[in-house]
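# this one's sequence-less:
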């Protein structure tokens, strides 16, 4: 079996296995302690392109589902995704006889962007706890109408699963929805959950016939972190506000880790964990004014933006080789196929690999418009460049996840060596 639990917006450096304050102990214990931790990076700074890299095994420039001048809105990139005609991990595993099931709290990770391609059953469970940026009411209504047929077919399949597992599971799921809605109505402060309980209730309802590919997108680490405040640029001039937001982010990250642990426990209860490749990862990070912006829509490719965790429990019989190299999100495709093929050993490529940014997704006062960025990864080294039409401008150099002083001799040497991989805009 292949299970990928993706905690949306979770950056690598907040987890204790990477030197941060958030404990991963609940997850590691639930996985039996048999995990390998990799220094992960995302191929993009935001959701849709990075998920396409995960599902296709390709960097952003190869699969082509990304922002660009003239198509820098969420809707434009979602339309590209819906037109994508290539194969995906779900399709590949489905051809091998796998049951393919997706569960997503992120409305962008759904039929709306074509990311349900290849899944027999894809269940979106967005609780609409916030208005999504870039879409006005008319656009949402248009998307809603376009997806109505999809939702009906999903509901029919879901009801079929419910009939097989009984009324008790259906009632448990309904109660989870009610709890989430009451929390939104009654709680004015920190958002304790963004639907993880609902996702776990859905999983308890499903039969999961082996072999299966299960993908779960959890939104616990995504903004907003409080019901009574907006996550916006007004916080940039308020250190107290930023600190409060970051504290909320850390609490949310802990909830996400615990939710992933519950999924692992569920697999253990069903006796499937030993036969399962379990991957815990993210699609991008989150900036809290470290580089003058807030969130993850600026187009930046700093460690805070694209540094992601990759924590893997192999199935019995597959040896994962430890590595100090950077490992791209797109490489998880090959790992999943290796496990499904019964291979005995897997190791990361160690590069060279790319993360790419072609434009800020929404207006950003710091990042500007029409700016392309590229980050190059090779071994344990990274260099991020801004391409404005002239010579590349180095924005960050890091070794093993730690940014270097850009004025140091080592940073200049790394940037010079990796700069050879940077193509002209």
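Done, it's in. Computed from a predicted structure; not experimentally measured. Numbers count the residues shown, from 1 in each chain.
# how about stretch 260-278: buried residues?
The neighbour-count check on stretch 260-278 (16 or more other Cβ atoms under 10 Å) flags 260-267, 272-273, 276-278 as buried. C-beta here means a position set from N, CA and C on the backbone, and glycine is covered the same way.
# What ranges does this protein have for its helices?
In the chain, the helices defined using DSSP state H lie at 25-30, 47-56, 60-63, 74-83, 89-95, 137-165, 167-186, 196-205, 239-269, 303-306, 331-340, 409-418.
# who does the fourth one touch, helix- and strand-wise?
Packing partners of helix 74-83 (3 or more Cβ pairs under 8 Å, 6 or more residues apart in numbering; DSSP states H and E): helix 47-56.
# For the helix it packs on, which outside residues touch it?
For helix 47-56, contacts defined as Cβ atoms under 8 Å, 6 or more residues apart in numbering pick out 4, 6, 8, 42-44, 58-60, 62-63, 65-67, 74, 77-78, 81, 84, 86-90, 106, 108-109, 113, 115, 117-118, 281, 283-284, 328-330, 332-333, 356.
# quick one: which of those residues sit in strands?
Mapping the contacts of helix 47-56 onto strands (DSSP state E) picks out 4, 6, 281, 328, 356.
# What is the burial count for residue 400?
When neighbours are counted by other Cβ atoms under 10 Å, residue 400 registers 12.
# Give the full set of residues in contact with it.
Residues counted as contacts of residue 400 (Cβ under 8 Å, 6+ apart) are 39, 324, 380.
# Please, a PyMOL command that selects the buried ones among the residues you listed?
Only the buried members of the contacts of residue 400 enter the following PyMOL selection, criterion being 16+ other Cβ under 10 Å:
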select buried, resi 39+380
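# Tell me the one of the contacts of residue 400 nearest residue 214?
Residue 214 has its nearest neighbour among the contacts of residue 400 in residue 39, at 24.9 Å by Cβ to Cβ.
# I figured the closest one was touching residue 326, is that so?
Yes. With contacts defined as Cβ atoms under 8 Å, residue 39 counts as touching residue 326 at a distance of 5.2 Å.
# which residues are in contact with both of these two?
Between them, residue 39 and residue 326 share these contacting residues under Cβ under 8 Å, 6+ apart: residue 380.
# wait, which of the ones in strands among the contacts of helix 47-56 is closest to residue 301?
Among the ones in strands among the contacts of helix 47-56, residue 356 lies closest to residue 301 (Cβ to Cβ), at 8.0 Å.
# Let me know how buried the closest one is, in neighbour terms.
If you count neighbours by other Cβ under 10 Å, residue 356 ends up with 21.
# swap in the one 3 residues further on?
Residue 359: 22 surrounding residues under other Cβ under 10 Å.
# In contact with it, which residues?
Shown in contact with residue 359 (Cβ under 8 Å, 6+ apart): 67-69, 72, 299, 369-372.
# Hmm, which of these is lowest in pLDDT?
Comparing pLDDT over the contacts of residue 359, the lowest score belongs to residue 369 (66).
# Run through the residues that contact residue 376.
351-354, 382-385, 418-419, 421-422.
# so it bridges to which residues?
Counting by DSSP bridges, residue 376 is bridged to residue 354, residue 383.
# Quick one, grab the pLDDT at it.
97.
# got it, and the one 4 residues further on?
Residue 380 carries a pLDDT value of 97.
# where's the closest residue to it other than its chain neighbours relative to residue 39, distance?
In space, residue 380 comes closest to residue 400 once its chain neighbours are excluded; the distance is 4.5 Å by Cβ to Cβ, 6 or more residues apart in numbering. Distance of residue 400 to residue 39, computed by Cβ to Cβ, to the nearest Å: 7 Å.
# Now list whatever residues contact both of those two.
Common neighbours of residue 400 and residue 39, using Cβ under 8 Å, 6+ apart, are 324, 380.
# If we ignore the residues flanking it in sequence, what's nearest the most centrally placed residue in the chain?
Taking Cα atoms, centre = their mean, the centroid of the chain lies closest to residue 283, which sits 2.4 Å from it. Distance criterion Cβ to Cβ, 6+ apart; nearest residue to residue 283, sequence neighbours excluded, is residue 50 at 4.2 Å.
# rank the helices of the chain by pLDDT, which is bottom?
If these are sorted by mean pLDDT, helix 137-165 sits at the bottom with a mean of 56.
# Just grab the bridge partners of the residue lying closest to residue 315 once chain neighbours are set aside for me.
Spatially, and ignoring its direct neighbours in sequence, residue 315 is nearest to residue 277 (5.0 Å; Cβ to Cβ, 6+ apart). Residue 277 forms beta bridges with residue 2, as assigned by DSSP bridges.
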